[in-house]
Structure formats: structure tokens, C-alpha cells
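Engineer: sequence first, then the predicted structure:
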2 protein chains.
Amino acid sequence: MSVYIDPAVAGHLRGFEMPERLGFGTVMAPVMFRAVCQDGCWSGGELVPYAPLALDPAAKVLHYAQSCFEGMKAYRTLGGGVSLFRPERNAARMAHSAERLCMPAVPESLFMEGVRTITAYCANLVPASSGESLYLRPFLIGTQPDLAVSASTSYEFYVIASPSAAYHAGHMRLWVEREDSRAAVGGTGDAKVGGNYAASLLSISRLKARGYDQSLWLNPGNRHTVDELSGMNFFAVMEGELHTPRLNGSILEGITRDSLIQLADALGYTVHERDIDIDDLLALVKSGTCSEAFACGTAAIVSPVSLLGDGEQQYELAQVPGPVAEHLRQSLLDIQEGRAEDRFGWMEAVEPVTT
Amino acid sequence: MSVYIDPAVAGHLRGFEMPERLGFGTVMAPVMFRAVCQDGCWSGGELVPYAPLALDPAAKVLHYAQSCFEGMKAYRTLGGGVSLFRPERNAARMAHSAERLCMPAVPESLFMEGVRTITAYCANLVPASSGESLYLRPFLIGTQPDLAVSASTSYEFYVIASPSAAYHAGHMRLWVEREDSRAAVGGTGDAKVGGNYAASLLSISRLKARGYDQSLWLNPGNRHTVDELSGMNFFAVMEGELHTPRLNGSILEGITRDSLIQLADALGYTVHERDIDIDDLLALVKSGTCSEAFACGTAAIVSPVSLLGDGEQQYELAQVPGPVAEHLRQSLLDIQEGRAEDRFGWMEAVEPVTT
């Protein structure tokens, strides 16, 4: 690799003490990967100590939300190695997100260099218990100091890393969100950009006050088919078959979603990618035909849904956690943690660097 | 005022040299106003030298776009004074925007202290030619370093200022945007938040390649009534009467829009706030019944529209600039620059502070 390694990196890594309690995305590794882009030309990557960014107060990202990001994990595998999970899919999705906001794509080679370098240098920070991981957060921001509403001419790309405990979303109570939208038809719903998350915060705050955990977002065009949760995709299990919303342009194409579809197919499940009408779904939960439901994403992998709330009505899932969700979760985690054969070629081992 | 004035402010102001060419929002005043909010408690305000912000790489604003802003101007008035235009309206709108993204409102007293203080200290930087101004940009960002998708526990509020030339949008060629949306129904369209602007960049980039200047956004719910431009509201003039889209929840409530409605009414024009069907509008432009159209906003005040483009069709406005737009523009500017009586009580004089 041609990455510049700041001489201070070694000392920062040696001086880092892993806290007893990790949480998820709260403890930060003491180094970060960085590259800059000026007028379309990318600099080489650097591994530097984790430190505050110096951003001009007029930087575009602070005013016009020109930012996109990825979430991915490095896993400790059986035998002690460290592997990334389908990192090239994150690179491709980030390029798509960048394009949606008129940002230059981070070249795949630079993206891969970033996630591999920080993982290699932080290999000792990848926790070893099942479900734990080094969570990686690549992100790209527009930094030009100029108040005109236009695309930035300068960008910074970072990869930061967080040694994280297993993310237990618990048995999730979902609120059917019939008022707010997380993204518009013809908007940014299929891109991983900050604005989608900002728009979702108010709904989450309202539903938490009612005892729920997450919003179940409906399609903003028709207002009656299921899209996704904020940051997780949705699956329902009906008579042993899997149903998940098709990619309709307002849903983020989850990498865990795609992996579960492939895995479920290989395990003999039938998977339907289709429009799921919310009223039909609620009726099927009520009748018991829909026996389980779950959400999936990089952080929690698979999280069972226990309840769907719609206004004054509540619809309880019969099986929490359900056997299909449990089967898929364990099968995926077995691949990610190296206990099962990597039949899909999803894992990429990273050679640790000792400093 | 109880604002803390950093001792370095005086030197920075004295050392500032006004460039010959100002542009709009590109030259920054050498000082900025700042206040911080931790767990709901606001600090006192400070006037400090303009300098890069130190933001943790995991700060919420960089990942989840938890940011909102305002745009407003301090005007040099006849006789040499300096006045703000309806600043309490910006304070109220920013409070609304903050609420939409689960951010604490900047208290009105703090907001007003911020815009008054920076204006008072930068009074010498308010340019004197008609149409020029000191553009003020208050903004609020979530700064908590934590990768969870949730509202920040810490915030920073800034007011930065830019001595600016008159903003000439020119005779604008608008592209009827039938594919993309800037905000969803139930989204953030009526809040001044970064995500709306990020979502609009791709459309603007496409239409500029076709020789247009701005997108004319349609309502994301019905896809056939006019909403607004990115950052400007829309007016059409039909047989001497004004028509502008009603506030429907996905339109930003422009302060210039509101001012023009009041002013037009006082000047004897009839103003209709209503749903404007895009196909009806295009037909009325073609027949000449709609003789002029214009956009309005803080930066450009009033900008005439010369052309509406819809796919392969182009619809030219008969009067560019039209007499109604010119009349309203000059009448508003006369109030803002102190040449006409402030009959609505819109102007607030600011006493300069000499350092």
C-alpha cells in the first residue's frame, strides 16, 4: 500500500486502552484514515491520529448537508484473524450516494485502501467475542467555504473505527409511521446521506415517547406499502417464506438485506421481493399467517420485531424471536466470524500490521 | 448586551481589508458569534475571531445532517445607519427548523443578540451601494461525537457574516423538475435544513447542463402543483394579479415572500395564495395571460423569470423583467435601504460599535 503512515500513529495505538464497556459506535479507535479531493483530484491516503477536524464555518457540509457515509464491520474470525465483510459493496454504494449529492465518488481503490489500512493497524482493537466487531465508518464531506447553494469544489474522505459490543436492538416494537417521511419519491431514499437520518429523528422521538423503538416507514409515493426502518431493512415471514420490500428507489439497498436474500435462498427458503401493503401485513400478523418479522442491518445483523403499532392498534408477532430469523442470523454470523464456509466469497482477510 | 467580546476581535476587525470584488457569500467577516448548548442548557454568547471549527470526526452533523440555518441581511440605510430586516422572523423560523430535526431552539433573545452583535461590530463592513448588504448566516449544528442515529446532546450556534454585492440571479430560466423532489410530504420541506439543499443539487447540475438556472420544484405529493425553487419562492403575474403557491407544508415560508404579499396588498395588488397547477401555468404563459413570473428570496430579493422549460417545450414569459416584479422589488428595497417609510415596522436599526 502507498498510504502515508503518520509517525505518531504507532504511539497513539500503543497508548490506547480498551475500555471495559464498549457500547456501539461510542469508543473511537485512536487513528483515522484520510484523503482529500480538490477539483476532482484525489490526494493519497494517510493514516493519522484521531483528532478534531478543522472545518471552515462556511463549509458546505455544515449548511447544505453535502455528506454521505457507510457502515461496515471488521470481524474477529475463528483462529484469530480479522476479516472485512463484502467491503466492495460498501465502496459501490458510497459511490452511488456521492453521485446523488453531486460529490465525487471515492475511487474504489482508495476506499478499499482506507478500510483495509485502518483495519490492519487496528487489528488488536477488533474485539473477540461473538457479535462484537470493529465498526468502520467511512464518510465523505464537502468542505469548500462558500455559502452559495452549489456542489463543493473540495471534499474530505475519512474512515474512523469504533471497537463495538454486539448491537442488541432487543425485540423491537415498530411504529407504523403514517405522517412523516424519511425521503421523497425522487429524493435521496436510496442513498446513504445525512438528510434521510435527520428527517427521521422527529418520528423516532415521538414514538419513543409512546414506548416504541423504531419507525416503520411507508413509501412516500403511495403511503401504504412498507419501505424500511431508519437504517435497517424489513422482512416478514409468512408460512415459512420470506417477504421483503422490493428496491423501489426510496429504500436503501442494504448489504445485509442482500446477503440474507442470497443466504435464505441457499438454505432453501423462498424469498419474495415485492410491495408489501401495510394494511395487508397488519391483517396477516393479526391472523397469525405472518408469524415473525425482523429488521436487518450491519449493526444489529438481524433484530426480531415483537410488535407493530398503528395508531391505537397493536399487532403482536407470534414468534419472537422467530425460528427463521434466528436461523438466518446465526448462519450469517457463522460466515462472518469464520465458523462456516465462506461459500459466497464474502469475507476478505486483512493482514494485521504491528506497530 | 452581556455578550463576551474576545479581546482579539478588535485587532481582527481593524486588520480586515475589504476586497474590491465582493461576490455573494464568499468574503467572510473576520469575526463570528458563537454559543453552545449542552443537554438543553445554553451558554452565553461570544464574539470571537472567525476561525475553523474543531469538530470531532464522529460529530452528528457530519453523519446525520443535524443542522439548520437562516439567511438574512443587514442593510446600509439612507443617512449611513445600519438596519436588520425582520430579524425576529428569522429567529422564529430557525426555531421551527430546529424542532423538525429534534434540535433545541436557539432562544429568540440569544438569536437576536447574535445577529445584533455581529452587525454592530461589523457595521463598517456593511457595503453602501444599493443592493449590497452584509449577508448574515446564523446556523445550528449537532456536535455530539457518537455514531448512534439519535439527536445530539450538544449543539453549537454560530452567526457568520459576509459583506456581499447585490445578488444578480439574472433573468432566470427555470426547469420544471418532474423527476426529483427536494423534500417529501411529511418531510422537511418547510424547514430550512441542509438535507433539502443536498437533495436539490443533482437536479440543478442536470438543468445547468441544459442551459437552465434553477429547478422549479413540484409538490412531492401530487407531482403537479408548483412548490418553489431551491431557496426561493415563486410568483406568477396574471392580468395584473399575483399568484403564489400556498404554504402547504412542503414549501419554505419565505420572509421575502411574506413581505411581498403584504407590500403588494398595500400597493393595491390582488394576491392569490393557492395551488398552481403546472400544466395550467404553462398554458397561461403560452397564451400570454401569465405575462410575468419571478422568484423571491433574501439573497436576490426579486428575480424575474424569463423562461419555463418542460421537457422539450419552452415557454417564454412576455415581460422580462415585468412591471409588477420591478415595482415590488424597488418598493421593498426602498424600505430596506431607508428611502421609503417603514410603514410595516420591518426595520430594526443597529447601533454600530467602534473597536
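Structural biologist: In hand now; what should we look at?

Engineer: wait, isn't A:Gly131 in contact with A:Leu333?
Structural biologist: Yes. Contact criterion Cβ atoms under 8 Å: A:Gly131 and A:Leu333 qualify, at 7.1 Å. Quick note: C-beta positions are derived from backbone N, CA and C, even for glycine.

Engineer: spell out which parts of the stretch 1-150 of chain A neighbour chain B.
Structural biologist: With Cβ under 8 Å from any Cβ of the partner chain as the criterion, the stretch 1-150 of chain A meets chain B at residues A:24-26, A:28, A:32, A:50-58, A:61-67, A:69, A:99-102, A:135, A:137, A:139, A:141, A:145-150.

Engineer: just the buried ones from the residues you listed?
Structural biologist: Taking 16 or more other Cβ atoms under 10 Å in any protein chain shown as the criterion, what is buried in these is A:24-26, A:28, A:32, A:50, A:53, A:55-58, A:61-67, A:69, A:100-102, A:135, A:137, A:139, A:141, A:145-150.

Engineer: what about stretch A:47-61, start to end distance?
Structural biologist: 23 Å (Cα to Cα, to the nearest Å).

Engineer: can you show me the helices along the stretch 101-250 of chain A?
Structural biologist: A:108-121, A:194-209 (DSSP state H, counting those that start in this stretch).

Engineer: now the closest residue to chain B within the stretch 151-300 of chain A. Nearest residue, chain neighbours left out?
Structural biologist: Using Cβ to the nearest Cβ, A:Gly195 is the residue of the stretch 151-300 of chain A that sits closest to chain B, at 2.2 Å. Spatially, and ignoring its direct neighbours in sequence, A:Gly195 is nearest to B:Gly195 (2.2 Å; Cβ to Cβ, 6 or more residues apart in numbering or on different chains).

Engineer: what does A:Leu22 give?
Structural biologist: A:Ala165 (4.2 Å).

Engineer: surely that neighbour and A:Phe24 touch.
Structural biologist: Yes. Using Cβ under 8 Å, A:Ala165 makes contact with A:Phe24 at a distance of 6.1 Å.

Engineer: how is chain A partitioned into domains?
Structural biologist: Per automatic domain parsing, the domain ranges recorded for chain A read A:4-166, A:172-321.

Engineer: measure the shortest one end to end?
Structural biologist: Taking Cα to Cα as the measure, domain A:172-321 stretches 10 Å from start to finish.

Engineer: shaky segments in chain A?
Structural biologist: A:1 (pLDDT under 70).

Engineer: can you pull up the most central residue in it?
Structural biologist: The centroid of chain A falls nearest to A:Gly71 when counting by Cα atoms, centre = their mean (4.0 Å).

Engineer: quick one: the strands in the stretch 251-355 of chain A?
Structural biologist: A:271-274, A:290-297, A:301-310, A:313-316, A:347-350 (DSSP state E, counting those that start in this stretch).

Engineer: repeat that for the stretch 101-250 of chain A.
Structural biologist: Using DSSP E, counting those that start in this stretch, strands in the stretch 101-250 of chain A cover A:133-142, A:154-164, A:172-177, A:214-218, A:226-228, A:233-238, A:241-245.

Engineer: need those in TSV (columns: distance to B:Glu253).
Structural biologist: Shown next, in TSV, are the strands of the stretch 101-250 of chain A (distance: least, Cβ to Cβ, whole Å):
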stretch	distance to B:Glu253
strand A:133-142	27
strand A:154-164	32
strand A:172-177	24
strand A:214-218	26
strand A:226-228	28
strand A:233-238	35
strand A:241-245	34
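
Engineer: to B:Glu292, which of the ones you listed lies closest?
Structural biologist: strand A:133-142 (35.6 Å; Cβ to Cβ).

Engineer: what's the angle between the closest one and helix A:108-121?
Structural biologist: Orientation check (axes from the mean of the first three to the mean of the last three Cα atoms, to 10 degrees): strand A:133-142 against helix A:108-121 gives 140 degrees.

Engineer: great, nothing more from me.
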